[in-house]
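Asker: coordinates only, no sequence provided:
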């Protein structure tokens, strides 16, 4: 059995700026406290819902920060993969909290529709402006890392949706101030909640796929098998498993049946060809092959262990 792990060119470890996460956490604590006080004074449900979302931002950013720290810890004999999945778990938790917060907001908005209340719009306007500026700054801080990391993307989405929610609350505050459209408050709350569900669903689905060891959507198992079977001496490829460990690592393991009883040195050469094929065509950077010759086992591509 052989295993490749060429970190010289097959791994990318982006610098996840913990400093930016800390700044974002402090800004969101400031926003949350301000909006809770302002929401209670003004009677604005949309402002309180925005504060609740900001509180979920604080928690998600803390989770992301801890996961970022854990992911850098070294592997050991008790933790052979280290904490490489910490950030995937953080992404899952953050996406799930987006959905929970959304359901709470929907409930509150429906109740307010049947019991509309007058809102102190000036306070709503100023505090929503604070939310737009602070969250906008945080979004800019995390945007670069969000492109390459699921954990950072989850934190980025929390902040992006909250910035947009603050914009919506600002518009609502202006409408209530100048036109007394108080129904706008629960309407905006409902819109914010639906948008949270829309944004959180894909991230929840993607992180679940990784945690469940599903084959990445971009990889076709049948194509990999056919490409490997084109290599000289390879008779059959079966018992295939493909999974994504984290943002950087995709693992492939399989049993390979050979036409002849080859020497170990010959197998090493063929293994190099297999590694090159699966990396260049499918981005797989960890390969684990069990060589076989006339072994009486199942030759199906997918075998239930």
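Answerer: On my side now, so go ahead. Small disclaimer: the values here were computed from a predicted structure and weren't measured. Numbers count the residues shown, from 1 in each chain.

Asker: quick one, strands of the protein?
Answerer: 2-4, 234-244, 250-258, 286-292 (DSSP state E).

Asker: and the second one, average pLDDT?
Answerer: Pointing back at strand 234-244 there. Average pLDDT, strand 234-244: 96.

Asker: now the shortest one
Answerer: Within the predicted structure, the mean pLDDT of strand 2-4 is 49.

Asker: same question for stretch 249-266.
Answerer: Rounded mean pLDDT across stretch 249-266 is 96.

Asker: so what touches it?
Answerer: 11, 84, 216, 219, 224-225, 228, 233-245, 267, 270, 274, 278, 282-295, 297, 299 (C-beta atoms under 8 Å, 6 or more residues apart in numbering). Bear in mind the C-beta positions are built from the backbone N, C-alpha and C, glycine included.

Asker: ends of that stretch, what's the gap?
Answerer: 27 Å (C-alpha to C-alpha, to the nearest Å).

Asker: surely residue 193 is in contact with residue 102?
Answerer: Yes - assessed by C-beta atoms under 8 Å, residue 193 is found in contact with residue 102 at 4.3 Å.

Asker: model confidence score at residue 274, please.
Answerer: 97.

Asker: over to residue 298?
Answerer: 92.

Asker: in contact with it, which residues?
Answerer: Per C-beta under 8 Å, 6+ apart, neighbours of residue 298: 238, 239.

Asker: show me the helices in the stretch 101-250 of the chain, by range?
Answerer: 121-146, 150-179, 184-211, 221-229 (DSSP state H, counting those that start in this stretch).

Asker: now residue 77: how far from residue 246?
Answerer: Distance, residue 77 to residue 246, by C-beta to C-beta, to the nearest Å: 20 Å.

Asker: so which of the two has more stuff around it?
Answerer: Between residue 77 and residue 246, counting by other C-beta atoms under 10 Å, residue 246 is the more crowded of the two (19 against 5).

Asker: confirm for me that that one is in contact with residue 85.
Answerer: Yes - here residue 246 reaches residue 85: they are 6.0 Å apart, a contact under C-beta under 8 Å.

Asker: list the contacts for the closest residue to residue 153 other than its chain neighbours?
Answerer: Residue nearest to residue 153 in three dimensions, not counting chain neighbours: residue 146, with 4.5 Å by C-beta to C-beta, 6 or more residues apart in numbering. Residues near residue 146 by C-beta under 8 Å, 6+ apart: 152, 153, 155, 156, 157.

Asker: try it again with 7 Å
Answerer: Residues near residue 146 by C-beta atoms under 7 Å, 6 or more residues apart in numbering: 152, 153, 156.

Asker: which one of those is nearest residue 141?
Answerer: Of all the contacts of residue 146, residue 156 has the smallest distance to residue 141: 9.2 Å, by C-beta to C-beta.

Asker: count the residues that sit near the closest one.
Answerer: The burial count for residue 156: 22, using other C-beta under 10 Å.

Asker: with residue 194 instead?
Answerer: By other C-beta under 10 Å, neighbour count at residue 194 equals 14.

Asker: check the gap between it and residue 105 for me.
Answerer: 9 Å.

Asker: and residue 67, how many residues sit next to it?
Answerer: 24.

Asker: from residue 86, how far off is the residue positioned nearest the centre of the chain?
Answerer: Note on the chain: the residue nearest the mean C-alpha position is residue 150, at 3.4 Å, using C-alpha atoms, centre = their mean. Counting by C-beta to C-beta, the separation of residue 150 from residue 86 is 11 Å.
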